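Asker: mind looking at a prediction? Sequence and model below.
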Amino acid sequence: MLLDLAALALAAGRRVTAAAAVVVLILGALGATNAVFQQYPTLRSLHPVPAAKEMDWAEFTVTTWPPQEDGRDIGALVHVDLTPGTDFTARQALAYVPPAYWRSPQHRLPVLVLMAGNPGSPEQWFDSGAAGETADAYQATHDGVSPFVVSVDATGSLTGNPGCTGASREYVTDTAPHLIAQRFRVDPDRSHWMIGGLSYGGTCALQVVTNSPQAFGSFLDFSGQAEPSLGDHTRTVDQLFGGDEAAFHAENPADLLRDNDYDGIAGRFVVGSSDHEAAAALKDLSQAAQTAGMDVEYTEVPGGHDFGVWRAALRANFDFVAERGGLE
């Protein structure tokens, strides 16, 4: 009997030790991932205080007053389909709707359209990118008013890379904004709207405004590339442009900035100070954009090609988003 009890105690101890080891391994894995991508600002972010109430479209349509958290008004984070009538198969978008949408329904608020990187998903801007917290901090000091922030799918899948050409660029340029304006009461003046993104999304944002300057009044390019790329120039031209160099140059932002005027367009280029490839690319593009008549700024923040940089970039430029949207 004593041997049985001892064996049970030993087994229980092993289970506790094994469970503790699993916890340590999980936390270690999270720490390693966080060290590379800076996905979580703090440990508290694993269980954050909601900056917006998450809801599906059906719940949103019957919501008549701002959600509340800890006795204060917050916004809604709405899962919304923005896919009907398009050749591009997009995943569900997420839209931050500020409290003023219900408090002051006569007001039409501007829209910031965001795109993630590759690999990536629309959720990343509100998870790792803290877009909801950024918009919530703004509305909390502006009587519930904030730009809408809508994270859309620019790649079609987690690892997709359509190069922001063809149907994929048409989707973020025309289809998604049209459907946003259909589903929400927003400012109809697209010159008050802004498009932005990180990495692939930043590259795409610049592609959109240079190829279709009437689509958005402003852009954010966080850690974007020098040109659309599938890894190398030859492969990109072969696969996305049928091997036609002229077709590539007709859509490439650097070429368009050299050959056209873009008066009235404003933008911000932001990169991590240790992200040397992106820094070189965005310095050149910023200078080209300024020469082409754009109102732009180039900024470096501490960090690399990671969410620590992109969170800081969005926070630092959210006033710019609001001002360009006519809120200041």
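Answerer: Structure's in. What do you need? Computed from a predicted model, the values in this text were never measured in an experiment.

Asker: in the stretch 101-250 of the chain, which spans are helices?
Answerer: Here the stretch 101-250 of the chain has its helices, by DSSP state H, counting those that start in this stretch, at 131-140, 166-170, 176-183, 200-211, 233-240, 245-251.

Asker: does anything pack onto the shortest one? Which helices or strands?
Answerer: Yep, that's helix 166-170 we're talking about. If you count contacts as 3 or more C-beta pairs under 8 Å, 6 or more residues apart in numbering; DSSP states H and E, helix 166-170 packs onto helix 200-211. C-betas here are computed from N, CA, C, even on glycine.

Asker: next: the fourth one.
Answerer: In this structure, helix 200-211 packs against strand 111-115, helix 166-170, strand 194-198, strand 218-222, helix 253-259, with contacts taken as 3+ C-beta pairs under 8 Å, 6+ apart.

Asker: that helix vs strand 111-115, what angle?
Answerer: Here helix 200-211 points in a direction 120 degrees away from that of strand 111-115 (axes from the mean of the first three to the mean of the last three C-alpha atoms, to 10 degrees).

Asker: so how far is helix 200-211 off the chain centroid?
Answerer: Distance of helix 200-211 from its chain centroid, counting by C-alpha atoms, centre = their mean, to the nearest Å, is 13 Å.

Asker: try the first one
Answerer: Taking the mean C-alpha point of helix 131-140 and that of its whole chain, the gap between them comes to 14 Å (C-alpha atoms, centre = their mean).

Asker: related to what we said a few turns ago, mean neighbour count and distance to residue 70 added to the helices and strands packed on helix 200-211, as TSV?
Answerer: Output for the helices and strands packed on helix 200-211, formatted as TSV (neighbours: other C-beta atoms under 10 Å; distance: least, C-beta to C-beta, whole Å):
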stretch	mean neighbour count	distance to residue 70
strand 111-115	28	26
helix 166-170	18	40
strand 194-198	31	30
strand 218-222	30	30
helix 253-259	18	44
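
Asker: with distance to residue 210 as added columns, please give those in a markdown table.
Answerer: Below are the helices and strands packed on helix 200-211 laid out as a markdown table (distance: least, C-beta to C-beta, whole Å):
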| stretch | distance to residue 210 |
| --- | --- |
| strand 111-115 | 15 |
| helix 166-170 | 11 |
| strand 194-198 | 11 |
| strand 218-222 | 9 |
| helix 253-259 | 4 |
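
Asker: relative to residue 245, which of those is closest?
Answerer: Nearest to residue 245 among those is helix 253-259 (10.7 Å), distances taken as C-beta to C-beta.

Asker: check which element follows that closest one along the chain.
Answerer: The helix or strand immediately downstream of helix 253-259 is strand 266-272, counting by DSSP states H and E.

Asker: that following strand vs strand 218-222, what angle?
Answerer: 10 degrees.

Asker: which residues touch the closest residue to residue 237 other than its chain neighbours?
Answerer: Closest residue to residue 237 apart from its sequence neighbours, by C-beta to C-beta, 6 or more residues apart in numbering: residue 248 at 4.9 Å. The contact partners of residue 248, by C-beta atoms under 8 Å, 6 or more residues apart in numbering, come to 228, 236-237, 240-241.
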